[in-house]
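Novice: Could you look at this predicted model? Sequence included:
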Amino acid sequence: MKTSMEGWGSGLLGVVIFSGSLPATRIAVADFSPMFLTSARAVIAAVLAAALLLALRQQRPSRADLKALVIVALGVVVGFPLLTALALQYITAAHSIVFIGLLPLATAIFGVLRGGERPKPLFWLFSCLGSATVVGFALNAGAEISVVGDLLMVAAVIACGLGYAEGAKLSRSLGGWQVISWALVLSLPAMAAIMLATLPGTFAGIGGDAWMGLAYVSIFSMLVGFVFWYRGLALGGIAAVGQLQLLQPFFGLLLAAGLLHEKVSPLMVATTLAIVLCVAGARKFAR
């Protein structure tokens with residue numbers, strides 16, 4: 001029980017940190033291209049991760065771990081950041097945040113496929129109800145809907161769910177912060193090349209807000225948040241703790257309204273509250 005509660009506490013802290021990712025990305029893509037932003041955040045985080053690994057003298061992962069680390073890198077280092085940055089060129093941060101409600105279902109599915117977990121049937125009912133609420137929001141968004149933006153967000157959720165589940169599985173043996181750190185280091189050569197190829201012609205027109213957005217997604221979204229998140233998934237279970245992501249839209253909408261002054265419609269609030277209510281039921285039947 002103590003281990004489970006530690007997992008939920010660590011996972012919740014990770015969710016709070018991740019909640020600032022989409023608003024920060026929205027701010028950053030105003031001045032940076034999606035490709036540069038994706039690669040730059042990975043490079044900055046990878047340099048910090050490499051310093052941590054060297055300072056704490058961590059052993060290199062085994063050959064058997066490389067496949068899982070590549071999947072983690074493709075899912076959460078490249079896939080999710082790039083796809084969300086592209087999506088935020090078509091939709092607002094507030095609109096995109098609600099799609100995070102699909103992440104628990106995606107994570108749970110990959111937890112079964114890759115992590116060998118077996119939640120109870122009623123777990124899937126609550127998880128699907130939360131996801132159906134998100135889909136209902138997208139279909140009823142009216143003029144705010146963007147087919148391209150919404151499809152990019154769905155693809156981002158799938159990539160992220162796979163990366164979360166694979167990373168959580170590997171965290172049980174390698175350690176939470178070690179998993180994201182080695183995944184970042186593994187992706188460093190490719191990300192560095194892309195960053196150099198997509199450098200802005202000049203940095204003169206880059207605003208301070210964009211630099212702050214880049215700093216947040218590089219340090220907190222790309223590294224610090226994963227330290228707590230992977231630890232939570234490993235201790236509390238991928239499917240169970242993964243349901244905490246249903247709270248992320250709530251925190252994210254507050255940030256979008258407070259920092260970006262974006263309109264948060266009553267439909268967005270109702271959708272967020274509905275998916276949050278699914279957490280209790282899903283948690284109860286996760287094991």
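Specialist: Done, it's in.
Novice: My read is that residue 29 contacts residue 38, right?
Specialist: No. Under the criterion of Cβ atoms under 8 Å, residue 29 makes no contact with residue 38, lying 9.9 Å away. Where you see a C-beta, it was placed from the backbone N, CA and C, and this is true even at glycine.
Novice: residues bridging contact with those two, i.e. touching both?
Specialist: residue 85 (Cβ atoms under 8 Å, 6 or more residues apart in numbering).
Novice: Look at those two and report which has more neighbours.
Specialist: residue 38 (28 against 23; other Cβ atoms under 10 Å).
Novice: wait, doesn't that one sit right on residue 88?
Specialist: No. In this structure, residue 38 is not within contact of residue 88 by Cβ under 8 Å, at 11.6 Å.
Novice: so what pLDDT did residue 138 get?
Specialist: The score at residue 138 is 62. That number is its pLDDT.
Novice: pLDDT below threshold where in this protein?
Specialist: Along the chain, segments meeting pLDDT under 70 span 1-3, 115, 135, 138-145, 279-280, 283-284, 286-287.
Novice: same for the helix or strand residue 65 falls within, what does it pack against?
Specialist: Using DSSP states H and E, residue 65 sits in helix 63-72. On a contact count with 3 or more Cβ pairs under 8 Å, 6 or more residues apart in numbering; DSSP states H and E, helix 63-72 meets helix 147-174, helix 176-197.
Novice: so can I have JSON lines of those helices showing mean neighbour count and distance to residue 54?
Specialist: Output for those, formatted as JSON lines (neighbours: other Cβ atoms under 10 Å; distance: least, Cβ to Cβ, whole Å):
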{"stretch": "helix 147-174", "mean neighbour count": "22", "distance to residue 54": "17"}
{"stretch": "helix 176-197", "mean neighbour count": "20", "distance to residue 54": "10"}
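Novice: show me what contacts the nearest residue in space to residue 50 that is not next to it in sequence?
Specialist: Leaving aside its sequence neighbours, residue 50 sits nearest to residue 185 (Cβ to Cβ, 6 or more residues apart in numbering; 5.3 Å). Neighbour list for residue 185: 46, 49-50, 53 [criterion: Cβ under 8 Å, 6+ apart].
Novice: do residue 81 as well
Specialist: For residue 81, the contacting residues are 25, 37-38, 41-42, 217, 221-222, by Cβ under 8 Å, 6+ apart.
Novice: Please report how far it lies from residue 74.
Specialist: Distance of residue 81 to residue 74, given as Cβ to Cβ, to the nearest Å: 11 Å.
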